[in-house]
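J.: Mind looking at a prediction? Sequence and model below.
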Amino acid sequence: MDLLTADRLDRATALLAPVMRRTPLVASRVLSDRTDRQVWLKCENLQRTGSFKPRGAYNRIAGLTDEERARGVVAASAGNHAQGVAWAASELGAASTVFMPNGAPLPKLVATKAYGATIHQVGTTIDEALLAAMAFADETGAVLIHPFDHIDVVAGQATVGVEILDQMPDVGTIVVPTGGGGLVAGIAAAVALSGKDIRIVGVQAEQAAAWPGSLEAGMPISAERMSTMADGIAVGRPGAVPFAHVTEMVDRVLTVSEDALSRALLLCMERAKLIVEAAGAAAVAALMDHPEQFHGDGPIVAVLSGGNIDPLLLTHVVAHGLRAAGRYLTVRIVIPDRPGGLVGVLGVARDTAASVVDVVHARTAGRLAMDEVEIMMTLETRGPDHRAAVLSGLAAAGYDAEVQE
């Protein structure tokens, strides 16, 4: 398998410089304190179409012949690659068709249409959509623009690495969200071609993690499960082209939990004032959950790979993140069914400075005696210590509070 060359990377860099945004690096004090190293965020969530994907798509489509572009292009994506291909094809005068899984986030679907693509929704995963796109390419002659498994796509994504090296010459570690592998492969190749000794760490959602098993097997293999909020990196099988680069150039691939992803997304919003999708926050999740994996010299750059999140999903993920961070507390309390009982419980919330989110007061719940009532109460707390103080306050007042996870 041919690896990315300096000439190919230089061509991609020159081609993309006039059309791609040079996304900023933003310092993160909270992550710097967490890792005891300076941490910067590479904000590809601020790139055109809201992710890094247009880099690879534009570089790939620009490399087609006039005859190939006249046949149109086709792609498969849950959203970010779809938008990148649709935008790039429009810019370069090619018709685009995109296959997206059923259940793809509505804002991504709407945006892809707005960029000029014809949309077909098939299956429930990216892999099913990709099979449909490949069949369409065979039937119509349209050129398949693979989301990650092509050297021109890897070259386009590598320009993220070129920018990081230029913006932060003394960077010691780069942490990259990883799905099919195009972005991490490109950044790793850019670093390798620079000759610098920089550690590259990929990050996957543990509920959709094909890379650890593939690296252990020495070949791309399919993930055992695919169930994650991080749809942008929910890829069932690594690409052959990225795999060749990752095995040669990437130091490690870590996995992170769904709780970690939601807490990372919340941190980006609250502390960095950046809207990031769950996949885009994977590198931040790794720094938060695995700080011991990032000892070394030089600053760390964590890539925020995308910011295209459905507002409805955002509300759920934020709530999930608040709960995972100890900022929500839901308890079940059974008390005697007497006047003033609920007031007593609420008084503990008041005295411990916990904000009541909702209360359900039920006399007909299961497992209740005739003279009992059940209270389900959700409180907003300031973190794990405050959460513990609220539980202590309830216990001191004589309430047996059963925490609902």
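T.: Perfect, thanks for sending it.
J.: Now do the lengthiest helix in the chain: which elements does it pack against?
T.: The residue-count maximum for a helix in the chain (DSSP state H) belongs to helix 151-167. Secondary-structure packing of helix 151-167 (3 or more CB pairs under 8 Å, 6 or more residues apart in numbering; DSSP states H and E): helix 6-16, strand 39-43, helix 53-62, helix 182-194, helix 240-249, strand 300-304. For the C-beta atoms, the positions are set from N, CA and C on the backbone; glycine is no exception.
J.: I'd like the ones you listed as TSV, with mean neighbour count, distance to V110 and mean pLDDT appended.
T.: Shown next, in TSV, are the helices and strands packed on helix 151-167 (neighbours: other CB atoms under 10 Å; distance: least, CB to CB, whole Å; pLDDT from 0 to 100):
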stretch	mean neighbour count	distance to V110	mean pLDDT
helix 6-16	17	26	98
strand 39-43	25	23	98
helix 53-62	28	16	98
helix 182-194	28	24	98
helix 240-249	21	29	98
strand 300-304	28	22	98
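J.: Reformat the ones you listed as CSV; add distance to A353.
T.: Converted to CSV, those look like this (distance: least, CB to CB, whole Å):
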stretch, distance to A353
helix 6-16, 52
strand 39-43, 32
helix 53-62, 45
helix 182-194, 44
helix 240-249, 49
strand 300-304, 34
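J.: So which of those is nearest A396?
T.: When these are compared by CB to CB, strand 39-43 sits nearest A396, at 40.5 Å.
J.: ok, back up a step: angle of the longest helix of the chain against strand 39-43?
T.: Inter-element angle recorded for helix 151-167 and strand 39-43: 130 degrees (by axes from the mean of the first three to the mean of the last three CA atoms, to 10 degrees).
J.: could you point out which element follows helix 151-167?
T.: strand 173-177 (DSSP states H and E).
J.: Neighbouring strands - and their directions - for that following strand?
T.: strand 199-205 (parallel), strand 300-304 (parallel) (DSSP bridges).
J.: Need those strands in JSON lines (columns: distance to A76).
T.: Converted to JSON lines, those look like this (distance: least, CB to CB, whole Å):
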{"stretch": "strand 199-205", "distance to A76": "19"}
{"stretch": "strand 300-304", "distance to A76": "23"}
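J.: quick one on the thing from earlier: for E258, which of the helices and strands packed on helix 151-167 is the nearest?
T.: strand 300-304 (18.2 Å).
J.: For the helix or strand immediately after that closest one in the chain, name the packing helices and strands.
T.: Per DSSP H and E, the first helix or strand lying C-terminal to strand 300-304 is helix 311-324. Under the contact criterion of 3+ CB pairs under 8 Å, 6+ apart, helix 311-324 touches helix 258-271.
J.: Could you pull out the helices in the stretch 251-400 of the chain for me?
T.: 258-271, 282-289, 311-324, 341-351, 384-396 (DSSP state H, counting those that start in this stretch).
J.: in what helix or strand does A75 lie?
T.: strand 73-76.
J.: which residues are contacting that strand?
T.: Under the contact criterion CB atoms under 8 Å, 6 or more residues apart in numbering, strand 73-76 has outside partners 57, 61, 64, 81-82, 85, 89, 94-100, 126, 129-130, 132-133, 136-137, 140, 142-147.
J.: Out of those, which end up buried?
T.: 57, 61, 64, 81-82, 85, 89, 94-100, 126, 129-130, 132-133, 136-137, 142-147 (16 or more other CB atoms under 10 Å).
J.: Excluding residues flanking it in the chain, which one is nearest the residue nearest to the spatial centre of the chain?
T.: In the chain, the centroid-proximal residue (CA atoms, centre = their mean) is A279; its distance is 0.8 Å. Nearest non-adjacent residue to A279, counting by CB to CB, 6 or more residues apart in numbering: G232, 3.1 Å away.
J.: for T255, same thing?
T.: E206 (3.8 Å).
J.: for V241, same thing?
T.: D149 (5.1 Å).
J.: can I assume that neighbour sits in a strand?
T.: No. The assignment for D149 (DSSP: H, G, I helix; E, B strand; the rest coil) gives coil, which keeps it out of a strand.
J.: isn't L144 right up against A133?
T.: Yes. L144 is within contact range of A133, at 6.1 Å (criterion: CB atoms under 8 Å).
J.: Do me a favour and average the pLDDT over stretch 206-224.
T.: The predicted model assigns stretch 206-224 a mean pLDDT of 95.
J.: Any chance you could list what contacts it?
T.: 178, 181, 202, 204, 225-228, 230, 233-240, 243, 246-247, 253, 255-258.
J.: Any idea how far apart the tips of that stretch sit?
T.: 10 Å (CA to CA, to the nearest Å).
J.: Begin at 48 from now on, thanks
T.: Done: numbering now begins at 48, and the last item shifts to stretch 253-271.
J.: Pull out the buried positions in it.
T.: Across stretch 253-271, burial judged by 16+ other CB under 10 Å covers 253-259, 261-262, 267-268, 270.
J.: taking these one by one, which sit in helices?
T.: Per DSSP H, the subset of the buried residues of stretch 253-271 in helices is 258-259, 261-262.
J.: Include distance to R410 when you put these into a markdown table, please.
T.: Shown next, in a markdown table, are these (distance: CB to CB, whole Å):
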| residue | distance to R410 |
| --- | --- |
| W258 | 52 |
| P259 | 51 |
| S261 | 55 |
| L262 | 57 |
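J.: Those: which two are farthest apart?
T.: Farthest pair in those, by CB to CB: P259 and S261, 7.3 Å.
J.: End to end on stretch 141-153, go ahead and measure it.
T.: 24 Å.
J.: ok now that stretch, how far from the chain's centre?
T.: Computed by CA atoms, centre = their mean, to the nearest Å, the chain-centroid distance of stretch 141-153 equals 19 Å.
J.: mean confidence score for that stretch?
T.: 91.
J.: and if you look at stretch 115-124?
T.: On average, stretch 115-124 scores 96.
J.: before we move on, back to that, for L88, see how far away the residue nearest to V288 is.
T.: Look at D196 and L88: by CB to CB, to the nearest Å, they are 27 Å apart.
J.: Show the contacting residues for S79.
T.: S79 neighbours (CB under 8 Å, 6+ apart): 85-86.
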